[in-house]
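Engineer: 3D model of this:
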Amino acid sequence: MPVTDVRDAQRAPLLINALVYWVRCFVKMTMKVRHANEGNHIMPKLIVLFFGAESPAVTLAEAAAEGARGVRFTEVDLRSGGAHQASTERRYKRLESPAQIRDFDGVILACPAAGDIPAELDVLLDEWERSPMGALSNTVFGITGGENTGLAGRVTRLGGILVGEPPGAADPEVRALRLGARTATVVGWVRHALSHEHAHHDHPASHEPRHEQT
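Structural biologist: Numbers count the residues shown, from 1 in each chain. The predicted model follows:
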């Protein structure tokens, strides 16, 4: 056999191994990009609920929803938390059930600034407090209006993440607008962090011990 043929025969396994190595690297990189793109296409969902038959609560809710919609990739739903709605031009759908908020990553509550917690919101809070342990631990909450109520304390007991209003604005609608944007931003952060956590659990790093050759 000629010397060139011998050398070619010796190189063939090396070339095959190199080809297999690069194919594996390409497949791994493709899977990583695909997984990242799938995570990016899952839009964070936020719901704004208003309570009370007073139009100021609806106005605050609409402002908060507008602020939340200004944050990219955020899906925003605006609904009435109770049967009674203010006499405004637009009618909104009602929250179907207390358990429906588990479909959302964030919840903004809008209610009258003065007085006690609205009765319908009080009932919902009671239902949410009876949720299974940890069911709302990753839910982001925001409150607009209701400054003179014990609403913040009730929401804190749900175990979620409570976002405060950004300071520096006296106008309630401006505060609601900024709160909506801030809450949506935090929702995006939490959703992004959870997606990485789930990816880590789905593809755990190998911790098998390495055996050194002696």
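Engineer: quick one, strands of the chain?
Structural biologist: 45-50, 75-80, 106-110, 140-144, 161-163 (DSSP state E).
Engineer: Take stretch 102-116 and give me the span from its first residue to its final residue.
Structural biologist: Using CA to CA, to the nearest Å, the end-to-end distance of stretch 102-116 comes to 25 Å.
Engineer: for the record, mean pLDDT for that stretch?
Structural biologist: The pLDDT scores in stretch 102-116 average 88.
Engineer: one step back: can you tell which of the strands of the chain is closest to Q100?
Structural biologist: strand 45-50 (8.1 Å; CB to CB). In this view, the C-beta of every residue, glycine as well, is placed from N, C-alpha and C.
Engineer: Each with direction, which strands does the closest one pair with?
Structural biologist: strand 75-80 (parallel), strand 106-110 (parallel) (DSSP bridges).
Engineer: Same list, the ones you listed, but as JSON lines with distance to I143 and mean neighbour count please.
Structural biologist: Output for the strands paired with strand 45-50, formatted as JSON lines (distance: least, CB to CB, whole Å; neighbours: other CB atoms under 10 Å):
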{"stretch": "strand 75-80", "distance to I143": "16", "mean neighbour count": "19"}
{"stretch": "strand 106-110", "distance to I143": "5", "mean neighbour count": "29"}
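Engineer: Same list, the ones you listed, but as a markdown table with distance to T183 please.
Structural biologist: Formatted as a markdown table, those follow (distance: least, CB to CB, whole Å):
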| stretch | distance to T183 |
| --- | --- |
| strand 75-80 | 10 |
| strand 106-110 | 5 |
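Engineer: Any idea which of those strands gets closest to T144?
Structural biologist: Among the strands paired with strand 45-50, the nearest to T144 by CB to CB is strand 106-110 (4.8 Å).
Engineer: May I see the strands of the chain arranged in JSON lines, with distance to Y21 as well?
Structural biologist: Converted to JSON lines, these look like this (distance: least, CB to CB, whole Å):
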{"stretch": "strand 45-50", "distance to Y21": "42"}
{"stretch": "strand 75-80", "distance to Y21": "42"}
{"stretch": "strand 106-110", "distance to Y21": "45"}
{"stretch": "strand 140-144", "distance to Y21": "44"}
{"stretch": "strand 161-163", "distance to Y21": "45"}
